[in-house]
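Colleague: quick one: sequence and predicted model below, then my questions.
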Amino acid sequence: MAEETIKIEGMSCQHCVMRVKKAIDGVEGVNSSDVSVGSATVSFDESKTSREAIVKAIEGAGYKVSG
């Protein structure tokens, strides 16, 4: 199990939080996510997914990952 905190740009409201959470939780191998405006802490199985796949899901939802 791995845990990453990812900084996210472009989020401004609860709708953004829900959209990002839905995108992250849709990635196979993600066990849990705690999303707030500006960041997400994600617990995931490294044998099923990667940080890069999670970042791609966030970007696919229309937000920019910083750092």
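Modeller: Arrived safely, thanks for sending.

Colleague: can we go C-alpha only for contacts and neighbour counts from here?
Modeller: Noted.

Colleague: how close does residue 20 get to residue 47?
Modeller: Residue 20 is 22 Å from residue 47, where distance means Cα to Cα, to the nearest Å.

Colleague: with neighbour numbers in mind, choose between these two.
Modeller: residue 20 (27 against 9; other Cα atoms under 10 Å).

Colleague: the residue nearest to that one when sequence neighbours are not counted: neighbour count?
Modeller: The spatially closest residue to residue 20, leaving aside those adjacent along the chain, is residue 58, at 6.0 Å (Cα to Cα, 6 or more residues apart in numbering). By other Cα under 10 Å, 22 other residues sit near residue 58.

Colleague: with residue 16 instead?
Modeller: Quick note: residue 16 (other Cα under 10 Å) scores 19 neighbours.

Colleague: what comes into contact with the helix or strand that contains it?
Modeller: Applying DSSP states H and E as the criterion places residue 16 in helix 14-25. Helix 14-25 is contacted by residues 11, 30-37, 54, 57-58, 60-61 when judged by Cα atoms under 8 Å, 6 or more residues apart in numbering.

Colleague: and if you look at stretch 42-53?
Modeller: 1-6, 27-34.

Colleague: list the buried residues in that stretch.
Modeller: 42, 43, 44, 50, 51 (16 or more other Cα atoms under 10 Å).

Colleague: so which of the residues you listed belong to helices?
Modeller: When the buried residues of stretch 42-53 are checked against helices (DSSP state H), the matches are residue 51.

Colleague: got the CA positions of the helix or strand hosting residue 35 in CSV?
Modeller: If you go by DSSP H and E, residue 35 is part of strand 30-36. Below are the C-alpha coordinates for strand 30-36, written out as CSV (Å, rounded to 0.1, in the frame of the first residue of the first chain):
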residue,chain,number,x,y,z
VAL,A,30,-7.4,3.1,-5.3
ASN,A,31,-8.4,2.1,-1.8
SER,A,32,-9.4,5.4,-0.4
SER,A,33,-9.2,9.1,-1.1
ASP,A,34,-9.5,12.2,1.1
VAL,A,35,-10.1,15.2,-1.2
SER,A,36,-10.3,18.9,-0.2
